[in-house]
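*Asks:* sequence first, predicted coordinates after that:
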Amino acid sequence: MPYDSNLDEKLYSKPWETDDLKITVSVFSYNKGPKKLQISRETKDANGNFRFAKLGRLLKDELEAILPLIQEAFVTM
């Protein structure tokens, strides 16, 4: 069965943002299935628009900033 965005329910989402970076911590449930944590990174392009980027490794200050968001997300799971 292919992915259907109508079955994807966002239960929690909160971003941490700087001038040129956004990291979002979210909790999703697909088709009433188990709740899963998602962490995504977006960077600004030359036009100032946010674009998806590979999360990869986190800097210490990025981790310190999103740890409270992860703890909030954990409560919703």
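*Replies:* Nice, thanks for sending it over.

*Asks:* chain center to the helix or strand hosting residue 27: distance?
*Replies:* For residue 27, the host element (DSSP states H and E) is strand 21-30. Relative to the chain's own centre, strand 21-30 is displaced by 2 Å; criterion: C-alpha atoms, centre = their mean, to the nearest Å.

*Asks:* give the rounded mean pLDDT of it.
*Replies:* Averaged across strand 21-30, the pLDDT comes to 98.

*Asks:* tell me what angle the very next helix or strand once past that strand forms with strand 21-30.
*Replies:* Counting by DSSP H and E, the next helix or strand C-terminal to strand 21-30 is strand 35-44. For strand 35-44 against strand 21-30, the angle by axes from the mean of the first three to the mean of the last three C-alpha atoms, to 10 degrees is 150 degrees.

*Asks:* who are the packing partners of whichever helix or strand comes after strand 35-44?
*Replies:* Counting by DSSP H and E, the next helix or strand C-terminal to strand 35-44 is strand 50-53. Using 3 or more C-beta pairs under 8 Å, 6 or more residues apart in numbering; DSSP states H and E, the elements in contact with strand 50-53 are strand 35-44. (C-beta placed from N, C-alpha, C; glycine too.)

*Asks:* C-alpha coordinates for the strand it packs on, CSV please?
*Replies:* Taking C-alpha atoms only, strand 35-44 is exported to CSV below (Å, rounded to 0.1, in the frame of the first residue of the first chain):
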residue,chain,number,x,y,z
LYS,A,35,3.4,7.2,17.6
LYS,A,36,6.9,8.0,16.2
LEU,A,37,9.3,10.9,16.8
GLN,A,38,10.6,12.8,13.8
ILE,A,39,13.4,15.4,13.8
SER,A,40,14.0,17.4,10.6
ARG,A,41,16.3,20.2,9.6
GLU,A,42,15.7,23.0,7.2
THR,A,43,18.1,25.7,6.0
LYS,A,44,17.5,28.9,4.2
